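Asks: Predicted model, plus sequence, below.
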Amino acid sequence: TLGRWTRPWRRWPTSSGPEGPVMRRGVRIAFDVGRVRIGVARCDAEAILAVPVLTLRRDRYGAGLEEAADIVAQYAAVEVVVGLPVSLRGRSTSSTKDARRWARRLAGLIPPVPVRLVDERLSTVTAHQVLHESGHHERSFRQVVDQAAAVVILNQALEAERNTGAPTGELVPPTPGVRP
């Protein structure tokens, strides 16, 4: 029989231990998808610490998708989290539709790794605050703000899972036969 963690994307622990919900082990990758850049973050195998990885360039021809798939493979990620940019009122925008499309295309490139969309409201604002507090100047933000936003998105997803014992966000169905 297959062990509990052999296929973490198929078998979620749903029980709680004496100290609360059980947290799945494994690296997660988060993407903050923008029109021009994609911020990337990852967590350690214990799902404790989220760190920035890099910023990918994006264009209308699919640049960034293959690189994103390579990053998922490189870190042997058990799950991918994509920030879903909704309005403050929770409504869909053109950026929301774009992030959904990008996530479906990525899911088609990396099966069986699940891709989840997670509400990213205020992640960039939070990233700006963190960068200010760490002494970065506004001029240098462009280079790292997308990575910092991806860290915020991943930390929110990890915290939600720690609290509930289940993955958070909306599972993305892959777009079959995707070509970047």
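Replies: Perfect, thanks for sending it.

Asks: same for the lengthiest helix in the chain, what does it pack against?
Replies: For the chain, the helix with the greatest residue count under DSSP state H is helix 141-164. Packed against helix 141-164 by the contact rule (3 or more CB pairs under 8 Å, 6 or more residues apart in numbering; DSSP states H and E) you find strand 20-21, strand 28-33, strand 37-43, strand 50-57, strand 79-84, strand 115-119, helix 123-133. Placement of C-beta: from N, CA and C, glycine included.

Asks: so which of those is the most packed in?
Replies: Mean neighbours per residue, mean count of other CB atoms under 10 Å, is largest over the helices and strands packed on helix 141-164 for strand 28-33, with a mean of 28.

Asks: could you dump the helices and strands packed on helix 141-164 to CSV with distance to Glu66?
Replies: Formatted as CSV, the helices and strands packed on helix 141-164 follow (distance: least, CB to CB, whole Å):
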stretch, distance to Glu66
strand 20-21, 35
strand 28-33, 13
strand 37-43, 12
strand 50-57, 10
strand 79-84, 14
strand 115-119, 15
helix 123-133, 24
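
Asks: Which among these is found nearest to Glu170?
Replies: Glu170 lies closest, by CB to CB, to one member of the helices and strands packed on helix 141-164: strand 115-119, at 4.5 Å.

Asks: for the chain, which spans come out with low pLDDT?
Replies: Where the chain drops to pLDDT under 70, the residues are 1-20, 88, 121-143, 176-180.

Asks: rerun at 90
Replies: 1-23, 34-35, 59-64, 86-95, 119-146, 148, 174-180 (pLDDT under 90).

Asks: Roughly how far does Ala76 sit from Ala50?
Replies: 17 Å (CB to CB, to the nearest Å).

Asks: Near the nearest residue to Ala76 once chain neighbours are set aside, how many other residues are there?
Replies: By the measure of CB to CB, 6 or more residues apart in numbering, the closest residue to Ala76 outside its immediate chain neighbours is Val27, 6.4 Å from it. Counted with other CB atoms under 10 Å, residues neighbouring Val27 total 17.

Asks: same question, Ala63
Replies: Look at Ala63: counted by other CB under 10 Å, it has 13 neighbours.

Asks: cool, Ala160 as well?
Replies: Neighbourhood size, Ala160 [other CB under 10 Å]: 15.

Asks: thought it was touching Leu154?
Replies: No: using CB atoms under 8 Å, Ala160 is not in contact with Leu154, being 10.8 Å away.
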